[in-house]
Structures are given as C-alpha cells and as structure tokens.
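In: I need the structure of the sequence given here:
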Amino acid sequence: MPFSMLNGKDDTSNEYILIVDDDEFNRAILDNLFSRFYQTEEAENGRIGLDKIKECPEKYSAILLDAMMPEMDGLEVLENLKKEGLNDKIPVFLITAEASDSVMREAYRLGVMDVISKPVVPYVVERRVNSVVELFRARKQLSTRVDVQASELLQKEHRISSLNRGLFEALAAAIEFRNGESGEHVRRIHDITRFLLTRTDLGEGMSEEEISNIALASVMHDVGKIAIPDEILNKPARLTPEEFEVIKTHTTQGALLLEKIPQLRENAVYNYAYDIALHHHERWDGRGYPDGLAGDEISIWAQIVSLADVYDALNCKRVYKDAFPQEKVLAMIKNGECGTFNPLLLDRFLAVEDELRGLYNGDFS
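Out: Modelled structure (predicted):
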C-alpha cells in the first residue's frame with residue numbers, strides 16, 4: 001500500500017519531517033500537508049536546520065529544504081550533510097523557485113533525493129516525498145533484517161565452533177583417561193602450542209583464527225592411541241622392540257581415524273589435526289616416525305606439538321616413570337635425549353620456558 005494511502009498517523013506517529021524554510025507561510029503549507037502522516041518540526045533558516053539534524057539525525061524520516069535562505073542556504077546545508085555522510089541516511093528534498101539546470105545539477109551532486117519547484121503542488125509533493133520515505137523505510141527494515149540474520153548466523157557459528165572444540169577435547173580426554181591420564185595433558189599441549197605461536201615469532205604471519213585452529217588440533221595428537229591394546233598402552237615396564245613398533249602405529253592410526261570422520265574433514269581444524277596426529281613424532285634429523293621427515297619437511301605446528309609433548313611427558317609422572325626435575329627436563333631436551341629438535345624452535349622455547357613452567361605450579365597465564 002502506498003504511504004499516501006495510510007489513514008491517520010498510526011503507523012508513522014514516531015516519524016518526523018523537518019521543514020527548513022525562512023518563509024513562515026511556506027512552512028505552514030508544508031506542515032499542513034504532512035502533519036497527517038508525521039510529526040513535523042520547523043527551522044527558519046539553514047543554520048538552525050543543520051543544528052537540529054546534527055543533534056539527532058536518526059530522528060528524521062525526511063528533510064524539506066528551501067534553496068534560498070539567510071544564514072545558510074539549502075545548497076550549503078546539503079554540502080554539510082554530504083560531509084557528514086547524512087545525505088545517504090536521510091532523504092532530502094530541495095524546494096526552490098529557481099529550478100535552473102545549474103541549481104538542480106549541484107543539488108543532485110550533493111545527494112538530494114529530489115528537487116521540487118515552487119509553488120508546490122500539494123498532491124504531487126505528497127506523493128513524491130511519501131514514496132521516497134517509504135523506500136528508505138523499506139531499505140532500513142531490510143538492512144535491519146540482514147543484520148539480525150548475520151548476527152544469528154554468527155551466533156550459530158560460535159555455537160558450532162564451541163561444540164566442535166568440546167567434541168575434540170572430549171575425545172582427546174577420553175583417550176588420556178584410557179592411558180591412565182587425567183586429561184590435563186591435552187590441555188597443557190593446547191596451551192603450550194598456543195603460547196609458542198602467540199608469544200614468540202614462531203606464529204609470525206598466522207592469523208588469530210589459524211593459531212586457534214592449530215592449538216585446538218594439537219589436542220588430537222594422540223588420538224590414534226585408541227587403537228593400541230591396553231596391555232601395551234598402559235604397560236608400567238619398558239616396552240619390547242615389538243611393542244614399541246605397535247605404539248608407533250598410533251600416528252598412522254590417528255590420521256586414519258580422523259580421515260574417516262566426514263564431518264571433521266569439512267572443519268578448518270582438520271588439516272592441522274591430521275598433520276599433527278601423523279607427524280608429531282618426526283624429528284629434525286630425520287630419525288623420527290612414521291615417514292622419516294627431516295628439517296622443514298615437518299610443518300612448524302607438528303614440530304611445536306612434538307616439543308610440547310616431550311616437555312610435558314618429562315615434567316609429569318607416567319605409569320612407566322616419575323616426573324623429572326626441571327634441570328633434568330631441560331638437559332634432556334637440549335642434549336637430544338628425546339630426539340633432535342629444530343634449533344630455532346628450541347631457542348624460542350628455551351627463551352620462554354620459565355613462563356611455561358607456570359603450567360605446573362599454577363602461575364601460567
């Protein structure tokens with residue numbers, strides 16, 4: 001239904017039109033014409049009108065602006081509105097007795113919606129103004145709906161992300177429980193990985209989202225242990241060479257397990273999780289497993305998780321050993337007793353190790 005066919009003010013009682021004209025008679029005519037549809041306000045010159053608009057721009061559904069006024073004329077008002085970016089938000093109509101080509105060209109350049117010639121023809125002005133106001137209202141409502149929908153989609157995305165994280169952590173923790181651990185191991189691996197990527201230059205060039213995905217992927221590093229028999233996984237004594245070969249398969253088993261979860265493959269975490277599960281036991285000198293990768297053939301995230309895993313294992317009691325003192329932990333890592341690490345990674349790790357130590361005494365942040 002066209003705006004001009006609305007009965008009374010019921011649907012527009014909170015909408016305002018500002019009439020800016022130095023002629024009281026002209027203001028009265030326009031007030032009489034539009035007071036059926038809107039609340040009306042008046043200003044006797046451009047300066048006052050501009051002040052009203054700047055004070056509360058969202059208040060006005062339209063501005064009826066005389067071209068020739070003292071203090072500040074209509075084109076000057078338009079110039080100021082353009083500078084403020086308000087002419088895109090409020091439809092402005094220039095009402096002038098001098099509808100010359102130069103005036104109209106300048107008015108449209110400055111963003112006026114329409115130029116109306118004096119003397120005004122009531123039904124023409126009413127239809128032109130109300131149609132544009134209705135269009136602006138519809139555009140605003142559509143924009144609001146789009147914003148609401150975008151916000152809802154973002155909230156859903158956050159909920160899905162939170163759910164995915166919970167599923168990752170729950171699966172990782174379940175494996176840790178099976179391995180006689182409390183689940184704190186995977187949380188510490190997550191925190192160490194994130195810390196090294198955010199507090200050193202190891203994460204340089206990575207976005208916050210990438211770092212978060214890598215840290216989340218790190219909790220899945222030992223997911224393949226679900227395929228290892230309990231008598232080997234929880235053996236309190238030293239493993240035989242044959243048993244160690246079985247343990248080593250947790251890397252390939254983990255990658256295979258992740259590969260078989262279709263929903264996971266659509267997640268941004270998947271590629272990191274797959275790589276970390278498969279390659280977190282590779283070593284810088286090529287003596288790791290399962291693929292014998294060396295140097296930069298190993299991704300930096302798999303290298304970081306590898307070091308974090310060793311560091312945490314040395315610091316904590318396991319079924320087959322007690323926790324080592326800090327000096328012993330650092331000596332074993334530096335001396336290569338747990339495999340050779342990237343010298344750059346080792347340097348950055350040692351520079352912040354005193355802060356990482358807080359994970360084990362409650363001072364980590």
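In: Could you check how far residue 286 is from residue 361?
Out: 36 Å (CB to CB, to the nearest Å). Placement of C-beta: from N, CA and C, glycine included.
In: Which one of the two is surrounded by more residues?
Out: More neighbours surround residue 286 than the other of residue 286 and residue 361, with 14 against 7 (other CB atoms under 10 Å).
In: pretty sure residue 231 is in a helix, no?
Out: Yes - checked against DSSP: H, G, I helix; E, B strand; the rest coil, residue 231 lies within a helix.
In: Number of residues surrounding it?
Out: The burial count for residue 231: 8, using other CB under 10 Å.
In: Tell me where the stretch 51-200 of the chain has helices.
Out: All helices of the stretch 51-200 of the chain, identified by DSSP state H, counting those that start in this stretch, fall at 74-84, 101-109, 122-178, 184-199.
In: The stretch 251-365 of the chain now?
Out: Shown for the stretch 251-365 of the chain, the helices assigned by DSSP H, counting those that start in this stretch span residues 262-265, 270-279, 300-315, 326-334, 343-356, 358-361.
In: among those, which is nearest residue 81?
Out: Nearest to residue 81, of all the helices of the stretch 251-365 of the chain, is helix 270-279, at 50.6 Å by CB to CB.
In: Could you list every helix and strand in contact with that closest one?
Out: For helix 270-279, the elements it packs on are helix 208-218, helix 250-259, helix 300-315, judged by 3 or more CB pairs under 8 Å, 6 or more residues apart in numbering; DSSP states H and E.
In: Could you rerun that using 10 Å?
Out: helix 208-218, helix 250-259, helix 262-265, helix 300-315 (3 or more CB pairs under 10 Å, 6 or more residues apart in numbering; DSSP states H and E).
In: buried sites along it?
Out: 270, 271, 272, 273, 274, 275, 276, 277, 278, 279 (16 or more other CB atoms under 10 Å).
In: State the mean pLDDT of it.
Out: Averaged across helix 270-279, the pLDDT comes to 95.
In: and what of stretch 313-326?
Out: 83.
In: Pull out the buried residues from it.
Out: Neighbour-count burial for stretch 313-326 [16+ other CB under 10 Å]: 314, 315, 316, 324.
In: swap in stretch 115-129?
Out: 115, 116, 120, 125, 126, 128, 129.
In: mind checking how far the first one is from residue 99?
Out: In this case it means residue 115. On the measure of CB to CB, residue 115 and residue 99 end up 6 Å apart.
In: Next, show the common contact partners of these two.
Out: 67, 107 (CB atoms under 10 Å, 6 or more residues apart in numbering).
In: Residue ranges in the stretch 51-200 of the chain under the pLDDT threshold?
Out: 143-144, 146-147, 150, 152-183 (pLDDT under 70).
In: Longest strand in this protein, please.
Out: The longest strand of the chain (DSSP state E) is strand 60-66.
In: Only alpha carbons, please: show it as CSV.
Out: Taking C-alpha atoms only, strand 60-66 is exported to CSV below (Å, rounded to 0.1, in the frame of the first residue of the first chain):
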residue,chain,number,x,y,z
TYR,A,60,14.1,12.4,10.8
SER,A,61,12.4,10.5,8.1
ALA,A,62,12.8,13.3,5.6
ILE,A,63,14.0,16.9,5.3
LEU,A,64,12.2,19.5,3.2
LEU,A,65,14.8,22.2,2.5
ASP,A,66,14.3,25.6,0.9
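In: how much distance is there from it to the middle of the chain?
Out: With CA atoms, centre = their mean, to the nearest Å as the basis, strand 60-66 stands 38 Å off its chain's centre.
In: before we move on, the earlier item: let me know which of the helices and strands packed on helix 270-279 is the nearest to residue 30.
Out: helix 208-218 (54.0 Å).
In: the inter-axis angle of that closest one versus helix 184-199?
Out: Orientation of helix 208-218 against helix 184-199 (axes from the mean of the first three to the mean of the last three CA atoms, to 10 degrees) gives an angle of 160 degrees.
In: hang on, residue 187 packs against residue 216?
Out: No - judged on CB atoms under 10 Å, residue 187 makes no contact with residue 216 at a distance of 11.3 Å.
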